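J.: with the sequence up front, the predicted model follows.
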Amino acid sequence: MDLMHHSSAFLLPSIPSDRHLPPLTYALVVLNQSLPRFTPLLWMHARLHLCADGGANRLFDEMPLFFPNENASDVRRSRYKPEAIKGDMDSIRKDVLDFYKSIGTKIIDKSHDQDTTDLHKCVTYIRDSSQDLDQSNLCILVAGALGGRFDHEVGNLNVLCCFSSLRIVLLSNDSLIYLLPRTHCHEIHIETSVEGPHCGLIPLGMPSRSTTTTGLQWNLDNTEMNFGGLVSTSNIVKGEKVTVQSDSDLLWTISIKKL
Ligand SMILES: Nc1ncnc2c1ncn2[C@@H]1O[C@H](COP(=O)(O)OP(=O)(O)OP(=O)(O)O)[C@@H](O)[C@H]1O
Ligand SMILES: Cc1ncc(C[n+]2csc(CCO)c2C)c(N)n1
């Protein structure tokens with residue numbers, strides 16, 4: 001079974017290159033929640049920047065607050081202009097829509113689709129506009145995906161399942177989550193300066209019959225997990241490397257350190 005490497009190096013100011021691994025191309029989706037404090041860093045690493053509907057209000061209102069000594073309009077126009085805003089457009093304010101239209105952001109109104117979330121719509125856009133890339137090297141960072149309305153959080157987790165062959169990382173100020181597909185063995189490099197030690201491994205949608213890990217305080221050894229029985233929460237990473245192998249897709253979550 002092929003090995004898949006994971007790292008949260010996108011939380012570092014500069015992403016170290018690894019001679020043995022191809023570099024990832026990042027895309028950023030801004031959701032309609034308070035921007036995590038490291039959003040400017042994610043923006044800098046990303047090649048493509050999208051707002052999901054009301055996420056554009058957050059970018060407009062909150063990005064200038066990270067730069068209190070700079071002119072807000074300059075911050076919006078010259079440094080943090082999203083390539084596209086996509087969604088059903090029921091949350092974006094008119095002044096914000098008009099502003100981004102006027103500076104050339106592409107507006108994709110999918111108000112006729114009331115069956116998929118705005119995040120789902122944005123991931124479809126990124127996938128379809130990255131067809132020239134090897135999609136195993138594409139990584140979609142989602143800012144503001146956790147903490148907040150529980151139905152939205154579950155919708156965001158469902159997007160991980162809908163696009164299980166894409167790397168998608170859900171982020172808040174406090175934690176990050178991504179999917180470990182059952183098709184691979186996983187090696188997770190822990191960026192100890194910015195993440196951990198609290199972590200979890202959670203089966204989603206169905207029980208997992210067998211999971212084996214290394215690098216955790218409470219490792220699993222061919223262990224079954226299911227809701228109603230054991231799920232691995234409040235676990236602790238012990239070093240810089242965690243490995244996971246399972247017969248089902250699992251969510252990996254790890255805490256993000258405060259400054
Ligand atoms: N409180 C929240 N918690 C987590 N994610 C959120 C939250 N609010 C919004 N999002 C995410 O941001 C995206 C855009 O938000 P927006 O408020 O524009 O959505 P919406 O579809 O208008 O929401 P609603 O269900 O309130 O009509 C959503 O698709 C969701 O992924
Ligand atoms: C069974 C079912 N439940 C809820 C919705 C509502 N819904 C799901 S995604 C979405 C778009 C949000 O921007 C909306 C309104 C539906 N269509 N079908």
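T.: Ah, there it is. Numbering: from 1, shown residues only. Ligands and ions are numbered 1, 2, ... in the order given.
J.: so Asp53 sits against Asp88, correct?
T.: Yes - the criterion here is CB atoms under 8 Å, and Asp53 meets it with Asp88 at 6.2 Å. Placement of C-beta: from N, CA and C, glycine included.
J.: look at these two and report which has more neighbours.
T.: More neighbours surround Asp53 than the other of Asp53 and Asp88, with 25 against 19 (other CB atoms under 10 Å).
J.: what's the closest non-adjacent residue to the more buried one?
T.: Of all residues not flanking Asp53 in the chain, Gly87 sits nearest, at 2.8 Å (CB to CB, 6 or more residues apart in numbering).
J.: got the contact list for the one you found?
T.: Gly87 sits next to 51-55, 108-110, 118, 121-122 when contact means CB atoms under 8 Å, 6 or more residues apart in numbering.
J.: common neighbours of Asp53 and Asp88, please.
T.: Shared contacts of Asp53 and Asp88, counting by CB under 8 Å, 6+ apart, come down to Asp118.
J.: what parts of the stretch 101-250 of the chain come near ligand 2?
T.: 114-118 (CB under 6 Å from any ligand atom).
J.: now, of these, which are buried?
T.: 116-118 (16 or more other CB atoms under 10 Å).
J.: what's the first helix or strand after the strand or helix carrying Val169?
T.: Per DSSP states H and E: Val169 is located in strand 167-171. Using DSSP H and E, the next helix or strand after strand 167-171 towards the C-terminus is strand 175-180.
J.: now the angle from that next one to strand 167-171?
T.: 160 degrees (axes from the mean of the first three to the mean of the last three CA atoms, to 10 degrees).
J.: okay, now the sheet partners of the next helix-or-strand element following strand 175-180, with direction.
T.: For strand 175-180, the succeeding helix or strand toward the C-terminus, using DSSP H and E, is strand 185-189. Sheet partners assigned to strand 185-189 using DSSP bridges are listed as strand 3-7 (parallel), strand 241-246 (antiparallel).
J.: can you list the ones you listed in TSV and add mean pLDDT and mean neighbour count?
T.: Listed next are these as TSV, based on pLDDT from 0 to 100; neighbours: other CB atoms under 10 Å:
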stretch	mean pLDDT	mean neighbour count
strand 3-7	97	15
strand 241-246	98	19
